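[1] here is a sequence with its predicted model. Questions after.
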Amino acid sequence: MPYYVRMKSITRTSRNTLNRLPARASYDREVIHSIIDDAIICHVGFVADDSPFVIPTAIMRQGENIYLHGNSQSRMLQHLGSGHEACISVTHIDGMVLARSGFHSSINYRSVSLFGRGNLVEGTQKKQLLNDFVESLIPGRAADVRPMTPNEINITSVIEFPIKEASAKVSVGPPSDDKKDYDLPIWAGVIPLETNRGDPIPDPQMKFPIDTPAYILNYMSSRN
């Protein structure tokens, strides 16, 4: 895990306190930050017009806030921009845990749940955050792409959501079987699951012979 200056843990509330398997819970900001930073997308849960919705979208963290963006006509972004409550979750699947029984078979994972209200970002901060989104996905890319036009900026919304009421839940390690099941002649263990990046595929409509940029090669090597 990267080095962080020691920070105060997240305050526990009735919503972010884990009651099921509390030993897997963490309210440490370093843990929460690291799980968010490893994510490309999150899922946003909210209720609008008396109906529940869960929407996947890209996520970026800066300090003690996460940021979401998308078309300004998005129901989700309009809902959050109006100050309504939401729950945002991030999950990484790290392995299949094969126990000696189906009951104790499980998954190793890292997850974060955040609760609260967001707010709409406007002005120069919004323009900078949109640039930061591009850079957060592929470091070095923002300096290479065409700048956003005023119209593109106008039709895009950015939501700031504080990391205030949150918790992490992490499951690691080998299976935990019933004591008597350890004597059974059944294979047990963990199958690690990883996300790897394949070779870049150039757009067939590129009109110029352009070598793969160094920042993409750096991204490939760092992710793999």
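    Yes, it's here.
[2] which residue of the chain sits farthest from its center?
    Seen from the C-alpha centroid of the chain, the residue lying at the greatest distance (CA atoms, centre = their mean) is Asp183, 39.9 Å away.
[3] can you report phi and psi for that residue?
    Note on Asp183: its backbone torsions stand at phi -90, psi 0 [degrees, to the nearest 10].
[4] quick check: it vs Ala99, distance?
    As for Asp183, its distance to Ala99 is 14 Å (criterion: CB to CB, to the nearest Å). Heads up, the C-betas are built off the backbone N, CA and C, glycines and all.
[5] and Asp178, how many neighbours?
    By the measure other CB atoms under 10 Å, the count of residues near Asp178 is 12.
[6] actually Ile59, not the one I wrote
    By other CB under 10 Å, 22 other residues sit near Ile59.
[7] contacts only, for it.
    Contacts here follow CB atoms under 8 Å, 6 or more residues apart in numbering; on that basis Ile59 touches Ile36, Ala39, Ile40, Ile41, Cys42, Ile66, Tyr67, Leu68, Ile88, Val90.
[8] could you redo the last one with a cut-off of 7 Å?
    Neighbour list for Ile59: Ile36, Ala39, Ile41, Cys42, Ile66, Leu68, Val90 [criterion: CB atoms under 7 Å, 6 or more residues apart in numbering].
[9] figure out the helix or strand that the first one lives in.
    In the assignment (DSSP states H and E), Ile36 maps to helix 29-37.
[10] what's the first helix or strand after that helix?
    Next helix or strand after helix 29-37 toward the C-terminus (DSSP H and E): strand 41-48.
[11] for that following strand, which helices and strands make contact with it?
    In terms of contacts (3 or more CB pairs under 7 Å, 6 or more residues apart in numbering; DSSP states H and E), strand 41-48 is packed against strand 51-58, helix 75-81, strand 85-98.
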